[in-house]
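>>> Need coordinates for the following:
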Amino acid sequence: ESFLSPLCQTAFAGVLAKYTASKKPFVVVTTHSPQIIQSAPKSSLHFVYRDGRNSKINIGDPLEVLLNTVGIEAKIKTLVMVEDNAARVFSKLWIGQFAPIIIASIEFIIMNGDGNIIKALDGFPTNPNSFALIGLLDGDAEGKGFAGERIGFLPGGKPLEALYREMIEAELDRVEPILGIENLRQVVFAQQGLELHEWFEQLKLNSNLSSDQLHLVLFKAWIQKAENKHVSEQYFAALREKIDSPHG
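Predicted coordinates for the structure are as follows:
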């Protein structure tokens with residue numbers, strides 16, 4: 001791909017993917033091209049770097065860190081406004097589940113509620129040239145009548161803490177080994193009747209995890225259920241259209 005334009009590199013990656021899927025060869029590609037890198041799933045990306053006389057493979061760091069190791073600096077192309085920190089953490093994990101390459105090009109902004117997101121969208125130009133602006137509302141906001149080319153929704157149809165609480169209480173046997181929280185059954189029993197926000201704060205306290213760490217393990221447990229992953233993929237497809245749309 002050394003002498004191909006970015007457009008041709010994208011086309012080349014598409015042809016390569018087509019024949020890889022149909023003919024089933026084992027393909028090794030070495031490249032610095034963002035167009036080719038973004039065509040591969042994260043599980044297929046291996047970043048090689050020099051360590052003294054030896055070369056090593058780095059596969060554990062976040063994608064944006066790995067891209068920097070090969071000289072690819074991601075530019076912010078999309079601003080995604082979310083309601084709170086829980087939505088910010090969930091959104092990054094959710095998008096990264098299906099398209100990790102685009103995470104580095106998105107900046108997430110906490111707006112403290114869906115009303116502030118709607119106001120910001122109303123006051124912002126509908127077709128800026130430099131980047132896309134999207135309001136990403138919690139799942140429970142979908143039933144409030146919000147709609148528009150720049151509005152998306154998190155999957156689940158409920159506040160994130162409600163999704164997680166219902167999951168733990170209804171699927172304790174499944175999620176207990178995933179969460180790895182000591183004495184989880186006793187913790188769940190003791191937290192019965194608590195208000196939703198207080199429930200999450202108590203779970204964080206009892207798990208000895210930070211808020212972001214707790215959201216991470218809860219998301220992992222939630223997305224591992226097949227029906228949750230399927231719904232998430234559908235909602236992500238709708239969001240991806242808005243990210244790629246010129247109306248962003």
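>>> ok, residue 225 - contacts?
Remark: with contacts taken as CB atoms under 8 Å, 6 or more residues apart in numbering, residue 225 is in contact with 167, 171, 174. All C-beta spots, glycine's among them, are computed from the backbone N, C-alpha and C.
>>> Quick check: PyMOL command selecting the buried ones in the residues you listed.
In PyMOL, a selection of the buried entries from the contacts of residue 225 looks like this (16 or more other CB atoms under 10 Å):
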select buried, resi 167
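>>> Which of the contacts of residue 225 fall within helices?
Here DSSP state H is the test, and the contacts of residue 225 give 167, 174 as lying in helices.
>>> Do a quick rundown of the strands in this protein.
Assigned by DSSP state E, the strands in the chain fall at 47-51, 54-58, 78-82, 106-110, 132-137, 151-153.
>>> any chance of these in TSV, with mean neighbour count and mean pLDDT too?
Shown next, in TSV, are those (neighbours: other CB atoms under 10 Å; pLDDT from 0 to 100):
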stretch	mean neighbour count	mean pLDDT
strand 47-51	11	78
strand 54-58	10	82
strand 78-82	22	93
strand 106-110	16	93
strand 132-137	23	91
strand 151-153	20	94
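>>> Select, out of those strands, the one closest to residue 32.
Residue 32 lies closest to strand 47-51 among these, at 10.8 Å (CB to CB).
>>> quick one, that closest one and strand 54-58 angle?
Here the directions of strand 47-51 and strand 54-58 differ by 140 degrees (axes from the mean of the first three to the mean of the last three CA atoms, to 10 degrees).
>>> Going by contacts, tell me the helices and strands next to strand 47-51.
Secondary-structure packing of strand 47-51 (3 or more CB pairs under 8 Å, 6 or more residues apart in numbering; DSSP states H and E): strand 54-58, helix 63-69.
>>> Quick check: neighbours of it in the sheet, parallel or antiparallel?
When pairing is defined by DSSP bridges, strand 47-51 lines up against strand 54-58 (antiparallel).
>>> With just CA atoms, put the strand it pairs with into PDB.
Below are the C-alpha coordinates for strand 54-58, written out as PDB (Å, rounded to 0.1, in the frame of the first residue of the first chain):
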ATOM      1  CA  ASN A  54      14.600  -7.300  19.800                       C
ATOM      2  CA  SER A  55      11.100  -6.800  18.400                       C
ATOM      3  CA  LYS A  56       8.100  -7.200  20.700                       C
ATOM      4  CA  ILE A  57       4.400  -7.400  20.100                       C
ATOM      5  CA  ASN A  58       2.100  -5.200  22.100                       C
END
